[in-house]
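A.B. asks: Sequence unavailable; structure follows:
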């Protein structure tokens, strides 16, 4: 069986899924495995040492994000953080209603949490919920995007003022096509309507600034070069967030269970390191993405480069090739030593095309997402651009096109 | 009307079949594509936009109509 590992000589272009571990994360992880393995909530010396590390990590992340230390919560993944934000944000606003407003291009973790909240309903255990004018509405309001993947702000403004809206969710920038969303304007509309805003900032943290105005924010350490298995849930002071999970006797309401402290320490260290270099990296990677956008459009016939060409993440670009099977393209690229991902249905477990590409109304088959990181070189990008047109032509020829 | 039955075909096969069929279709003629792949509802109109053909819409589920205009 043919196999090409991503290693020496291979170009890894899937940082939007997981960025390679940052050297600062590796160093901090090894140190914390030595020093921070105990449960930080116990009352002995090893635990106090772990608690110091946890508090330092929390303070460091808070400083990196311009938040307060007591607003920072660590979860077991970005997905867990997104679930917590949606379910806990809705639970905290039960008296206002149950409706979640969200963009059509949210991450599937957000959409699944929304569906879960609807299917279970908020538990109706309080008699206050029983009144006819009470918050008995369920369901979500989805707000569309245009062909470039930009939120329809007018529809958003109307949606957040609807009756019974408990929470609004907006991704900071599309994880599939890179289009940056108008978070500041959306936050203003939410503030005027008195609706808390949840921003899924997984793709932006460490890459691009996220405007203020949110009540809840989540991120995922592996996207910025931290280890996998660390999510971040930031709950702004004054926001009512109730744990949607059964708690235990030991802790105040918070994401469940013991956290992976060494990984958290590594996540905090890498976030700090990444932010220090992010402005320069955004310029460098932004130029490489510009080159990919321009070259692919010029050298591959019948291709659609998708997403906003200007208001976009610096490190991510997506395009779709007409008449090309996405899975064949991914495997062809893998054989040539390129790791990319795809939003095409044939590459998805659901066999449905990406809901993001569908919401934009752009071609969904033959789709490739290229996402770069600090280790990406110009030579790798040029080799990709040199090999892509031939590979696409080959796959098309096999299909008789 | 020309009917192109692509039921049971996975993406991008219905769009490939449409593109091939459209080569011998006269300007103004309509091709009706039957396709049950979930991507077709998105990719047939996207193909029309990219190739400068007119997408007439989906009169019913899994049916898509395209007019050759160029």
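C.D. replies: On my side now, so go ahead. Bear in mind the structure is a predicted one, so any value in this text is a computation, not a measurement.
A.B. asks: where do the strands sit along chain B?
C.D. replies: B:2-5, B:30-34, B:54-57, B:63-67 (DSSP state E).
A.B. asks: Spatially central residue for chain A, please.
C.D. replies: Centrality entry for chain A: nearest residue to the mean C-alpha point is residue A:202, 3.1 Å, by C-alpha atoms, centre = their mean.
A.B. asks: still on that earlier bit, make TSV out of the strands of chain B and add mean neighbour count.
C.D. replies: No exception for glycine: its C-beta is placed from N, CA and C like everyone else's. Shown next, in TSV, are the strands of chain B (neighbours: other C-beta atoms under 10 Å in any protein chain shown):
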stretch	mean neighbour count
strand B:2-5	14
strand B:30-34	18
strand B:54-57	14
strand B:63-67	20
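A.B. asks: Serialize the ones you listed to CSV and add fields for mean pLDDT and distance to chain A.
C.D. replies: CSV is the format used below for the strands of chain B (pLDDT from 0 to 100; distance: least, C-beta to the nearest C-beta, whole Å):
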stretch, mean pLDDT, distance to chain A
strand B:2-5, 96, 15
strand B:30-34, 98, 15
strand B:54-57, 98, 11
strand B:63-67, 98, 14
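A.B. asks: Next, give phi and psi for the residue nearest to the centre of chain A.
C.D. replies: Residue A:202 adopts backbone torsions of phi -60, psi -40, taken as degrees, to the nearest 10.
A.B. asks: I'd like to know the predicted local confidence at the residue lying closest to residue A:354 once chain neighbours are set aside, please.
C.D. replies: Of all residues not flanking residue A:354 in the chain, residue A:343 sits nearest, at 3.2 Å (C-beta to C-beta, 6 or more residues apart in numbering or on different chains). At residue A:343, the model reports a pLDDT of 84.
A.B. asks: Quick check: phi and psi on residue A:343?
C.D. replies: Residue torsions, per degrees, to the nearest 10, at residue A:343 are phi -100, psi 10.
A.B. asks: report the longest helix in chain B, please.
C.D. replies: What stands out as the longest helix in chain B, according to DSSP state H, is helix B:40-51.
A.B. asks: near chain A, which residues of chain B show up?
C.D. replies: B:10-13, B:15-16, B:19-20, B:37-39, B:42-43, B:45-47, B:50-51 (C-beta under 8 Å from any C-beta of the partner chain).
A.B. asks: buried subset of those residues?
C.D. replies: In the residues of chain B next to chain A, burial by neighbour count holds for B:10-13, B:15-16, B:19, B:37-39, B:42-43, B:45-47, B:50-51, counting by 16 or more other C-beta atoms under 10 Å in any protein chain shown.
A.B. asks: Residue A:344 and residue A:351: what is the separation?
C.D. replies: Applying C-beta to C-beta, to the nearest Å, the value for residue A:344 to residue A:351 is 10 Å.
A.B. asks: Where does the prediction get shaky in the stretch 51-200 of chain A?
C.D. replies: Counting by pLDDT under 70, the ranges of the stretch 51-200 of chain A that qualify are A:121-138.
A.B. asks: Of all the residues in it, which one is nearest chain B?
C.D. replies: residue A:147 (9.1 Å; C-beta to the nearest C-beta).
A.B. asks: can you confirm that residue is in a strand?
C.D. replies: No. Residue A:147 is assigned coil when assessed by DSSP: H, G, I helix; E, B strand; the rest coil, not a strand.
A.B. asks: That one: what's it in contact with?
C.D. replies: A:360-362 (C-beta atoms under 8 Å, 6 or more residues apart in numbering or on different chains).
A.B. asks: Check residue A:31 too.
C.D. replies: So, once contact is read as C-beta under 8 Å, 6+ apart, residue A:31 ends up touching residue A:265.
A.B. asks: Quick one: mean pLDDT over the host helix or strand of residue A:269.
C.D. replies: Assessed by DSSP states H and E, residue A:269 sits inside helix A:261-299. For helix A:261-299, the mean pLDDT works out to 98.
A.B. asks: The following helix or strand past it - contacts with which helices or strands?
C.D. replies: Counting by DSSP H and E, the next helix or strand C-terminal to helix A:261-299 is strand A:303-306. Strand A:303-306 makes packing contacts with helix A:261-299, strand A:316-321 when contacts are defined by 3 or more C-beta pairs under 8 Å, 6 or more residues apart in numbering or on different chains; DSSP states H and E.
A.B. asks: could you give the angle of the last one to helix A:261-299?
C.D. replies: Taking axes from the mean of the first three to the mean of the last three C-alpha atoms, to 10 degrees, one finds strand A:316-321 and helix A:261-299 inclined to each other by 40 degrees.
A.B. asks: In the following helix or strand past strand A:316-321, which residues are buried?
C.D. replies: Beyond strand A:316-321 on the C-terminal side, the first helix or strand identified by DSSP H and E is helix A:326-335. Of all the residues in helix A:326-335, those buried under the rule 16+ other C-beta under 10 Å are A:326-330, A:332-334.
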